[in-house]
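1. Show me how the following folds:
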Amino acid sequence: MPRVLFRLHTPPPTPGAVLFLTGTHRGWSDEPEGWTFGPDGTLTAELPQGALLNVKVRALSPDGTVTEEGDAWGGRAPAHRLVVHGDTTLDLPVAGWQDGQGGRGRPARSAPPRETVALAAPWGEQPVRLWWPQGAEGNLPLLILHDGQNVFDEGPSFAGESWDAAGAAQALADAGFPCRIAALPVNEERSRRYVPFAFELNGFESGADEYADWLRGTLLPHLRERFGPVPPQRVALAGSSFGGLITAYAGLRHPSTYGTLGVFSPAIWPADFAFLRWLEGRADPHARVWLDMGDHEGDSLESAAALVSLTHDLASRLRPKVAEVRLTVGEGHWHDEPAWRERLPEFLRWWLMELEA
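-> From the prediction side, this is the model:
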């Protein structure tokens, strides 16, 4: 197998800490054994040809505390990535260590929402992060986004990366195609709320039906009351990964509620691909579906190619059930916010321009 030299460049951690490597190849284990860096800051490992690695540096302190590398402001940092092609070296620049402050003080690179409101939901108060172009009023086309903590500014995002949804939507508004965005943050109950089938990560108890009913019965009426009526064909629902799964599920569970479904990198594997079996009896002949996948989503080039093939299969299953399926494969795209940020503008253009055609 190819040999990979990991070369560390890092500010000092806690005195006496053991620095080690973790990542997708180890299931993000906190155990340092076999993966510690030497005194010279290097680590050599044999890894399979074609492996797709996401890795991070962690520090095990003498008191047993494990701290992960972070950005320069003490927040989460994106993983280091590598496609294994023969013997190679991966430099690991570490900007800082997570300090529990969530990256407070990090300069914003993307625009925040214009306001946040809280609506009652069965699980408690649900924040709704709202954005619309300056000066645009009335019943604009409406885009509802899952994982609302990741879609605007980077501050509340998972790893200091966002979709820059306001920037993408403003560019379309400047071209004459404005829309309103309502983004819904989610917490540690993401797997329960977004996955409609019982599996290990949601404790074998799904809350997806409850969430889909809330979208239709509470969120949409609230937005229509405040901003004016928006017909279903001008409403889009979108999300990525499990957010892509709940988008397809909620849209087909309640036909004619959403005119467009943005299904980004859908994670349809829970419960042995139960979604594919559920799909057999569902349809929405008026819905347009954006379906996409990156060609580097997986733990190897082989598994990533299988995911792309599965996405083509899903598109084939959907086409007889909906009005249109637009399938996109992101070249060099991984399963992360930068990839979805890059594909979002094309989705918005495809959605909005059709409305005005």
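2. Next, the buried residues of stretch 327-336.
-> For stretch 327-336, the neighbour count (16 or more other CB atoms under 10 Å) marks L327, T328, G330, H333, W334, H335, D336 as buried. For the C-beta atoms, the positions are set from N, CA and C on the backbone; glycine is no exception.
3. which regions of the chain lie under the pLDDT threshold?
-> The chain contains residues with pLDDT under 70 at 102-103, 357.
4. try 80 this time
-> Along the chain, the model assigns pLDDT under 80 to residues 12-14, 100-108, 137-138, 155-160, 356-357.
5. Which of the buried residues of stretch 327-336 sits closest to D91?
-> W334 (18.4 Å; CB to CB).
6. wouldn't the closest one be in contact with H296 here?
-> Yes. With contact defined as CB atoms under 8 Å, W334 and H296 form a contacting pair (4.7 Å).
7. what touches both of those two?
-> Common neighbours of W334 and H296, counting by CB atoms under 8 Å, 6 or more residues apart in numbering, are L52.
8. Which elements pack onto the helix or strand containing W290?
-> Taking DSSP states H and E as the criterion, W290 maps to strand 284-294. Strand 284-294 sits against helix 242-253, strand 260-264, helix 301-318, strand 322-330, helix 337-356, with contacts defined as 3 or more CB pairs under 8 Å, 6 or more residues apart in numbering; DSSP states H and E.
9. Just name the most buried of the ones you listed.
-> strand 260-264 (a mean of 29; mean count of other CB atoms under 10 Å).
10. what number of residues lie near the closest residue to R26 other than its chain neighbours?
-> Counting by CB to CB, 6 or more residues apart in numbering, R26 lies nearest to W35, which is 6.9 Å off, once chain neighbours are set aside. W35 is flanked by 19 other residues according to other CB atoms under 10 Å.
11. Tell me who's in contact with W35.
-> F20, L21, T22, R26, L43, A45.
12. Just the buried residues of those.
-> For those, buried by 16+ other CB under 10 Å: F20, L21, T22, L43, A45.
13. Which secondary structure state does the fourth one sit in?
-> Put plainly, it is L43. Per DSSP: H, G, I helix; E, B strand; the rest coil, the secondary structure class of L43 is strand.
14. Kindly provide the distance from it to R7.
-> According to CB to CB, to the nearest Å, L43 and R7 sit 8 Å apart.
15. Ok, P133 next?
-> Distance of P133 to R7, computed by CB to CB: 46 Å.
16. circling back: how about the helices and strands packed on strand 284-294, which one is nearest P270?
-> Of the helices and strands packed on strand 284-294, nearest to P270 by CB to CB is helix 242-253, at 7.7 Å.
17. So which elements touch the closest one?
-> The helices and strands touching helix 242-253, judged by 3+ CB pairs under 8 Å, 6+ apart, are helix 190-194, helix 208-214, strand 235-240, strand 260-264, helix 270-279, strand 284-294.
18. from these, which stretch is densest packed?
-> Of the helices and strands packed on helix 242-253, strand 260-264 is the most buried (mean count of other CB under 10 Å), at a mean of 29.
19. Okay, now the sheet partners of that strand, with direction.
-> Note on strand 260-264: by DSSP bridges, its sheet partners are strand 235-240 (parallel), strand 284-294 (parallel).
20. okay, these in a markdown table with distance to I246 next?
-> Converted to a markdown table, the strands paired with strand 260-264 look like this (distance: least, CB to CB, whole Å):
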| stretch | distance to I246 |
| --- | --- |
| strand 235-240 | 6 |
| strand 284-294 | 14 |
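21. follow-up on the earlier one: of P133 and R7, which one has the most company?
-> Comparing P133 with R7 by other CB under 10 Å, the one with more neighbours is P133, at 19 against 15.
22. nearest spatial neighbour of that one, skipping sequence neighbours?
-> A173 (3.8 Å).
23. what angle do the helix or strand where the one you found lies and helix 337-356 make?
-> Using DSSP H and E, A173 sits within helix 165-174. Orientation check (axes from the mean of the first three to the mean of the last three CA atoms, to 10 degrees): helix 165-174 against helix 337-356 gives 30 degrees.
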